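J.: generate coordinates for the sequence data below:
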Amino acid sequence: MMYRSAKLKPGQRVLIHCASGNVGTAFLQLGRLAGLEMYGTGSAQAAGIVNELGATPIDYRNSDFVQEIHRLTGDGVDVVFDGIGGDNLWRSRKALREGGRVVVYGFQAKLHGGRMASGSPSGRHPLRESAILGWYILRNRFLPGRKSMVPYSIPWLMRLRPACFATTC
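T.: Numbering: from 1, shown residues only. Next comes the predicted model:
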């Protein structure tokens with residue numbers, strides 16, 4: 001995801017949502033190895049973990065992450081990894097510098113038995129969220145700033161580009 005979708009290079013800035021979670025800490029560890037300048041959203045209690053893994057923590061409960069990113073960087077980040085989705089995607093876009101991209105992941109978690117569920121006990125509606133994502137991706141193409149949103153799904157990549165999983169691509 002960091003290289004195929006985000007196309008990251010050493011020194012670039014990234015924002016990782018839910019940085020103290022399982023996926024977030026993996027991003028932080030890989031980002032440190034890749035030489036990235038990292039920022040991570042999380043609770044105040046998780047700030048120590050985020051900081052220890054090489055990122056600047058941002059307390060999403062007590063500050064606006066978009067304003068905080070612009071305060072810390074001046075012009076935003078190159079990539080945002082957003083596994084939250086929904087309306088948060090548009091806010092993530094606002095944290096980008098010109099030419100940046102939001103990498104959206106985690107939509108496979110909304111599948112049940114390999115098919116889109118009609119609803120879930122959590123109150124999330126996968127079809128609605130997929131439609132929102134599609135709208136955001138399309139809408140990005142017509143807005144200034146050359147910012148983009150890129151969905152990332154391992155099952156879809158395996159179907160569309162199986163060679164990537166047999167060798168490096």
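J.: phi, psi of the spatially most central residue of the chain?
T.: Residue closest to the average C-alpha location in the chain (CA atoms, centre = their mean): residue 81, at 1.5 Å. Dihedral angles of residue 81 (phi, psi; degrees, to the nearest 10) stand at phi -100, psi 110.
J.: partners of it in the sheet?
T.: On the basis of DSSP bridges, residue 81 is bridged to residue 16, residue 103.
J.: hey, where'd the strands end up in this protein?
T.: For the chain, the strands defined by DSSP state E occupy 13-16, 37-42, 55-59, 77-82, 96-105, 111-112, 115-116, 148-152.
J.: can you get me a residue count around the closest residue to residue 43 other than its chain neighbours?
T.: Setting aside the residues directly before and after it, residue 43 is nearest to residue 61 in space (CB to CB, 6 or more residues apart in numbering), at 6.1 Å. All C-beta spots, glycine's among them, are computed from the backbone N, C-alpha and C. Residues lying near residue 61 (other CB atoms under 10 Å) number 9.
J.: buried residues in stretch 60-74?
T.: By 16 or more other CB atoms under 10 Å, the buried positions in stretch 60-74 come out as 60, 65, 66, 68, 69, 70, 73.
J.: narrow those to those in helices?
T.: 65, 66, 68, 69, 70, 73 (DSSP state H).
J.: pretty sure the third one sits against residue 60.
T.: No - with contact taken as CB atoms under 8 Å, residue 68 and residue 60 are classed as non-touching, separated by 9.1 Å.
J.: name the residues contacting each of the two.
T.: Taking CB atoms under 8 Å, 6 or more residues apart in numbering as the contact criterion, no residue touches both residue 68 and residue 60.
J.: now render the strands of the chain as a markdown table, adding distance to residue 5 and mean pLDDT.
T.: Below are the strands of the chain laid out as a markdown table (distance: least, CB to CB, whole Å; pLDDT from 0 to 100):
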| stretch | distance to residue 5 | mean pLDDT |
| --- | --- | --- |
| strand 13-16 | 12 | 98 |
| strand 37-42 | 17 | 98 |
| strand 55-59 | 19 | 98 |
| strand 77-82 | 9 | 96 |
| strand 96-105 | 5 | 93 |
| strand 111-112 | 19 | 42 |
| strand 115-116 | 21 | 42 |
| strand 148-152 | 5 | 83 |
